[in-house]
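**Q** let's see this in three dimensions:
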Amino acid sequence: MDLTLASERLLLSLPETGLVASALDFHTRNNEHLAPWSPPKPVGFETTAFWNDYVEKSHIAFLQGSVVRLWLREKSQPERVIGSAGFSQIFRGPFCNCVLGYQIDQALEGKGLMFEALQHAIAYMFVEQKLHRINANYRPENVRSGRLLSRLGFRTDGFAPRYLFIDGEWRDHIQTSLINDAFRPEWLSAR
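**A** Numbers count the residues shown, from 1 in each chain. Here you go, the predicted model:
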């Protein structure tokens, strides 16, 4: 099974066994940077066995239509994972909705790479997965994430106190969403 999206500078693909070592390296070198924005890590997170299992489960979830996880790589270094974008909690029927999460290597922040990646990933979710809405939540302290979502067209829907357990505590989040204005009612029965 293969899903690869290409932008000007990036490749976005389903997790692959051949990239497990690179994905583990990404998380190791960005552990401290991502900790304030990440939920508790599962047991074994820092092992190759965990990531091999992650690849398998990601493919199963993709085939079931419940999750789309993408690993980001620069075209100039296609063997190196530099981030990820995930669309989880995919619901069909009258909801046609999902939740977006994303992360990028600290050394590559501020270069527009996540904006570029999410433009393509969101287009895929709206056109190919035929979703009506994408939700994204971020901590108020994460100003960079808020600006990114705003640039992508996400609107603020509200404030959720103590919404997610992140970095050792229940943290407040700002809830946002992006609506697919091209959504067609006949898509409700397409999947």
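**Q** so where do the helices sit in this structure?
**A** For the chain, applying DSSP state H gives helices covering 20-29, 31-34, 48-64, 113-127, 143-151.
**Q** dump these into CSV; add distance to residue 166, mean pLDDT and mean neighbour count as well.
**A** Every residue, glycine included, has its C-beta placed from N, CA and C. Listed next are these as CSV, based on distance: least, C-beta to C-beta, whole Å; pLDDT from 0 to 100; neighbours: other C-beta atoms under 10 Å:
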stretch, distance to residue 166, mean pLDDT, mean neighbour count
helix 20-29, 16, 97, 16
helix 31-34, 11, 94, 13
helix 48-64, 20, 97, 15
helix 113-127, 19, 98, 19
helix 143-151, 12, 98, 16
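**Q** any idea which of these gets closest to residue 8?
**A** Smallest distance to residue 8 across these (C-beta to C-beta): 6.6 Å, for helix 113-127.
**Q** starting at the chain centroid, how far to the closest one?
**A** The chain centre lies 10 Å from the centre of helix 113-127; the measure is C-alpha atoms, centre = their mean, to the nearest Å.
**Q** same thing with stretch 144-157?
**A** 14 Å.
**Q** show residues contacting that stretch.
**A** Stretch 144-157 is contacted from outside by 37, 109, 114-115, 118-119, 122, 134-136, 138-140, 174-178, using C-beta atoms under 8 Å, 6 or more residues apart in numbering.
**Q** mind doing that once more with 6 Å?
**A** Residues outside stretch 144-157 that contact it (C-beta atoms under 6 Å, 6 or more residues apart in numbering): 118, 136, 138, 175, 176, 177, 178.
**Q** so of those residues, which ones are in strands?
**A** The members of the contacts of stretch 144-157 that map onto strands under DSSP state E are 136, 138, 175, 176, 177, 178.
**Q** list buried residues within those residues.
**A** 136, 138, 175, 176, 177, 178 (16 or more other C-beta atoms under 10 Å).
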